[in-house]
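Participant: Turn this into a structure:
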Amino acid sequence: MTPVEGCPTVFQTICSLPPGYHQGLRLSSPILSPQVPPSGPGSSMDVDNEAFQRVVRLSDGTSTESLPMISDADLEISRHRITVFMSAHTAYELLPESGKVIALDVDLPVKQAFHILHEQLGSHGSNLTEEELETHTIAAWKEAKSYQNSQVNGLRSAVSRPLVQAGPDDSLKEVALKILQNGVATVPILHSSSADGSNPHLLHLASLSGILKCICRFFKHSPSSLPVLQLPLFAIPVGTWVPKIGEPNRRPLAMLRPSASLSAALSLLIQAQVSSIPIVDDNDSLLDVYSRSDITTLAKDKIYAHINLEETTIHQALQYRDDPFSTYGHTNQRCHMCLRSDPLHKVLERLSQPGVRRLIIIEAGSKRVEGIITLSDVFRFLLGS
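Facilitator: Sure thing, here's the model as predicted:
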């Protein structure tokens with residue numbers, strides 16, 4: 001092997017291979033690659049600079065990573081131990097010593113609820129007029145949504161959806177499955193002292209992030225007991241990735257340019273059934289992220305009453321969100337990123353942090369978007385569902 005010009009700590013080797021035959025080789029003594037330069041001042045993006053890639057230069061000048069094999073035995077062992085843990089621990093362990101849960105009356109006007117969500121949650125749609133927001137209640141809106149869903153599904157009448165809930169004695173596995181199977185972000189933990197279950201008290205809102213935090217805390221000092229967590233992301237069938245040329249039946253990754261309209265972003269969030277959209281430049285390098293939770297920022301100063309969704313760009317919408325004089329301004333980190341070479345355990349640790357619902361997988365240096373991994377992706381993989 002010979003040193004790579006300009007990179008004294010990186011080595012290369014030239015392999016003579018038959019046409020069409022390429023094989024990646026793992027370096028015997030991998031060395032950390034140069035750290036990714038930090039983003040500029042005021043940037044809200046962050047990436048783990050400790051990650052590295054093991055590469056070998058081939059005769060055609062391309063780079064390839066050696067692919068660690070994920071054995072069925074290691075996968076089953078890891079899934080079994082996580083399932084045993086989640087089955088043995090209950091939702092009661094998710095309850096904080098002190099906390100706040102926001103509950104809204106169903107007879108509250110949607111407009112008032114919209115403003116409350118913005119005031120209480122910050123930056124953590126339909127093109128409705130201010131009058132519609134004022135006159136419609138939460139109950140009426142939910143009824144209209146049920147009717148709309150019934151029309152889409154070919155049903156003659158609206159089918160009311162029962163409240164997805166859990167009790168403090170339900171296992172963490174049961175809570176996680178309820179979240180995944182019902183496509184919700186949180187599940188209320190309710191408790192009633194009455195035998196018939198009447199007048200339940202709201203104790204907490206359980207989320208996948210809270211459950212993942214329990215898992216990480218329990219296995220923190222015994223990572224070897226979960227072999228699959230040591231593998232890099234690119235070796236695991238988890239997350240949504242940018243399709244490669246020639247790959248069939250791969251679900252495309254939803255991305256938009258900052259010049260796209262806010263209407264296009266809202267439509268894509270619904271059509272693609274995703275909670276966030278990476279905003280990229282012409283080279284597909286990550287600039288920002290627009291999420292469903294950002295919609296509540298339109299309640300600030302009644303912005304929704306003064307803008308046209310077709311004429312307002314995503315770039316402008318992000319400026320509304322990032323108002324430096326806002327309580328929830330630039331201090332909030334927006335883009336949580338990782339590299340495809342990051343081990344799964346490091347990804348889980350970052351996803352278990354408060355406010356982190358997803359990680360954008362980027363290419364080191366260029367920040368070109370390669371994929372996205374969410375909490376739901378992780379739990380579907382770990383539970384085998």
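Participant: Can you pull out the residues in contact with stretch 215-235?
Facilitator: 65, 67-71, 74-75, 77-79, 81-82, 85-86, 236, 239, 338-345, 347-349, 352, 361, 373 (C-beta atoms under 8 Å, 6 or more residues apart in numbering). C-beta coordinates here come from the backbone N, C-alpha and C atoms, glycine included.
Participant: Okay, now the unreliable bits of the stretch 251-385 of the chain?
Facilitator: The model of the stretch 251-385 of the chain has pLDDT under 70 over residues 299-301, 304, 322-333.
Participant: residue boundaries of the helices in it?
Facilitator: In the stretch 251-385 of the chain, the segments counted as helices under DSSP state H, counting those that start in this stretch are 262-271, 314-321, 344-351, 375-383.
Participant: The last one - contacts with which helices or strands?
Facilitator: This means helix 375-383. Helix 375-383 sits against helix 72-88, helix 172-182, helix 208-219, helix 344-351, with contacts defined as 3 or more C-beta pairs under 8 Å, 6 or more residues apart in numbering; DSSP states H and E.
Participant: Now distance to residue 107 and mean neighbour count too, for those, in JSON lines please.
Facilitator: Compiled in JSON lines, the helices and strands packed on helix 375-383 are given as follows (distance: least, C-beta to C-beta, whole Å; neighbours: other C-beta atoms under 10 Å):
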{"stretch": "helix 72-88", "distance to residue 107": "37", "mean neighbour count": "15"}
{"stretch": "helix 172-182", "distance to residue 107": "24", "mean neighbour count": "19"}
{"stretch": "helix 208-219", "distance to residue 107": "30", "mean neighbour count": "18"}
{"stretch": "helix 344-351", "distance to residue 107": "37", "mean neighbour count": "20"}
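Participant: so can I have TSV of these showing distance to residue 189?
Facilitator: Converted to TSV, the helices and strands packed on helix 375-383 look like this (distance: least, C-beta to C-beta, whole Å):
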stretch	distance to residue 189
helix 72-88	15
helix 172-182	8
helix 208-219	10
helix 344-351	21
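Participant: Show me the one of those helices that comes nearest residue 251.
Facilitator: Set against residue 251 and scored by C-beta to C-beta, the helices and strands packed on helix 375-383 come closest in helix 172-182, at 17.4 Å.
Participant: any idea which helix or strand carries residue 204?
Facilitator: strand 201-207 (DSSP states H and E).
Participant: one step back: of the helices of the stretch 251-385 of the chain, which is nearest residue 171?
Facilitator: helix 375-383 (12.1 Å).
Participant: who's in contact with the closest one?
Facilitator: Contacts of helix 375-383 (C-beta under 8 Å, 6+ apart): 78-79, 82-83, 173, 176-177, 179-180, 207-209, 211-212, 236-240, 347-348, 351, 357-358, 385.
Participant: Contact partners for the nearest residue to residue 279 once chain neighbours are set aside?
Facilitator: Nearest residue to residue 279, sequence neighbours excluded (C-beta to C-beta, 6 or more residues apart in numbering): residue 288, at 4.4 Å. By C-beta under 8 Å, 6+ apart, the contact set of residue 288 is 44, 258, 278, 279, 318, 334, 335.
Participant: One more: residue 384?
Facilitator: residue 79.
Participant: And it, how far from residue 238?
Facilitator: For residue 384, the distance to residue 238 equals 12 Å [C-beta to C-beta, to the nearest Å].
Participant: tell me the strands in the protein, going along the chain?
Facilitator: For the chain, the strands defined by DSSP state E occupy 2-4, 7-12, 45-46, 55-57, 63-65, 186-191, 201-207, 240-241, 276-280, 286-291, 335-339, 358-362, 369-374.
Participant: Give me whichever of those strands is most buried.
Facilitator: Neighbour counts (mean count of other C-beta atoms under 10 Å) averaged over each of the strands of the chain peak at strand 358-362, with a mean of 25.
Participant: For it, which strands pair with it and how are they oriented?
Facilitator: Within its sheet, strand 358-362 is paired with strand 335-339 (parallel), strand 369-374 (antiparallel), according to DSSP bridges.
Participant: how about TSV for those strands, with distance to residue 222 added?
Facilitator: What follows is the strands paired with strand 358-362, written out as TSV (distance: least, C-beta to C-beta, whole Å):
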stretch	distance to residue 222
strand 335-339	23
strand 369-374	23
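Participant: Break this protein into its domains for me.
Facilitator: Here the domain parsing of the chain from automatic domain parsing is 2-66+232-383, 77-214.
Participant: where's residue 184 relative to residue 199, distance?
Facilitator: From residue 184 to residue 199 the distance is 23 Å (C-beta to C-beta).
Participant: This completes my enquiry, with thanks.
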